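Student: Turn this into a model:
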Amino acid sequence: MPELPEVETVRRGLAPVLEGARLTHVLARRPDLRFPLPDDFKGRLEGATVEALERRAKYLQARLDTGETLVMHLGMTGRFDIESAAGSTTPGAFAHPVPDGAKHAHVVFETDGGARITYSDPRRFGFMGLVPTAHLAEHPWFKGMGPEPLGPDFNAAYLADALEGRSQAIKTLLLDQRIVAGLGNIYVCEALHRAHISPMKAGGKVTKARLAALTEDIRLVLEEAIEAGGSTLRDFAATDGALGYFQHSFRAYGREDEPCLTPACRGVIRRKVQGGRSTFYCPVCQK
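Tutor: Down below sits the predicted model:
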């Protein structure tokens, strides 16, 4: 499933054609994706202007001048193709083949600027909803969500308070969306490796000084991945047609039995299953 950098890459690709644009025509080729589309989906969107396109965790939020926000989640195989005056931007080949063809193009948005944005989703694990903007934070999808890892509220002091007295593994806690929003398995593995913190260490046992380094490493690994266009694991591709290449910079994730890349460390990356997810770490330099 796309993680925060992948979703942010999509947001940045869509923003130039959606922000400030009026939706002149909306076509829903089926009544549902993962969930049913909202009642009168077409009628509530046509004529609306997109005031801003934002991201909250792994959700895209198109704030409309109608007082509603179009919320979009990519699921596992959701993608947007853009046709505009500047040309067509179609995602390139996936890392693993997925079915192609018009039958997977489920929702189409056309704007007054001449852009045509098509949402395709072969597996239909993605979804869309319309939520009153004033009550967005209280919606079940967002209620109780922690701060954004790239936002000002995510820092060592906050993380120390959130983890105080917690006996669960630090990696498990970082994946809890109530503690921090949008972090996924790949980038938690990478950040913990950079900060030299064992993913099995109890969250409440990590010192504030080490949490300060960890919060900075989380920011850095996310920013680097966004700059590179995401990791492009499995079915994700960027909206500009280019696959992301951050996976070539992974220091831990997916590198089982390979040498640790920490300078002067002679460890070997190991894999362990935590909470049903693969954890990649160095048992020598991560303590």
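
Student: Give the residue spans of this structure that score low on pLDDT.
Tutor: 1, 89-102, 230-248 (pLDDT under 70).

Student: biggest helix in it, by residue count?
Tutor: helix 208-228 (DSSP state H).

Student: Give me the next element, helix or strand, following it.
Tutor: strand 270-274 (DSSP states H and E).

Student: and the helix or strand just after that following strand, which strands flank it?
Tutor: Per DSSP H and E, strand 270-274 leads on to strand 277-281 as the next helix or strand towards the C-terminus. Here strand 277-281 has these sheet partners by DSSP bridges: strand 270-274 (antiparallel).

Student: Could you list the buried residues of the strand it pairs with?
Tutor: 270, 274 (16 or more other Cβ atoms under 10 Å). C-beta here means a position set from N, CA and C on the backbone, and glycine is covered the same way.

Student: quick one: contacts of it?
Tutor: The contact list for strand 270-274 (Cβ atoms under 8 Å, 6 or more residues apart in numbering) reads 169, 171-172, 199-200, 256-257, 278-283.

Student: Which of the three states applies to Leu27?
Tutor: When classified by DSSP: H, G, I helix; E, B strand; the rest coil, Leu27 comes out as strand.

Student: Check the gap between it and Pro259 for me.
Tutor: 52 Å (Cβ to Cβ, to the nearest Å).

Student: again with Gly165
Tutor: Counting by Cβ to Cβ - Gly165 and Pro259 are separated by 37 Å.

Student: what do you get for Cys265?
Tutor: From Cys265 to Pro259 the distance is 8 Å (Cβ to Cβ).

Student: now do Thr66
Tutor: 55 Å.

Student: which one of those two has more residues nearby?
Tutor: When neighbours are counted by other Cβ atoms under 10 Å, Thr66 comes out ahead of the other of Thr66 and Pro259, with 16 against 12.

Student: Wait, Gly78 touches Met128, no?
Tutor: No - counting by Cβ atoms under 8 Å, Gly78 sits too far from Met128 to count as a contact (9.6 Å).

Student: Quick check: neighbours shared by those two?
Tutor: 72, 119.

Student: higher neighbour count, these two?
Tutor: Gly78 (29 against 23).

Student: which residues sit in contact with the residue nearest to the more buried one when sequence neighbours are not counted?
Tutor: Leaving aside its sequence neighbours, Gly78 sits nearest to Gly126 (Cβ to Cβ, 6 or more residues apart in numbering; 3.5 Å). By Cβ under 8 Å, 6+ apart, the contact set of Gly126 is 33-34, 72-78, 119.

Student: Fine by me, we can end here.
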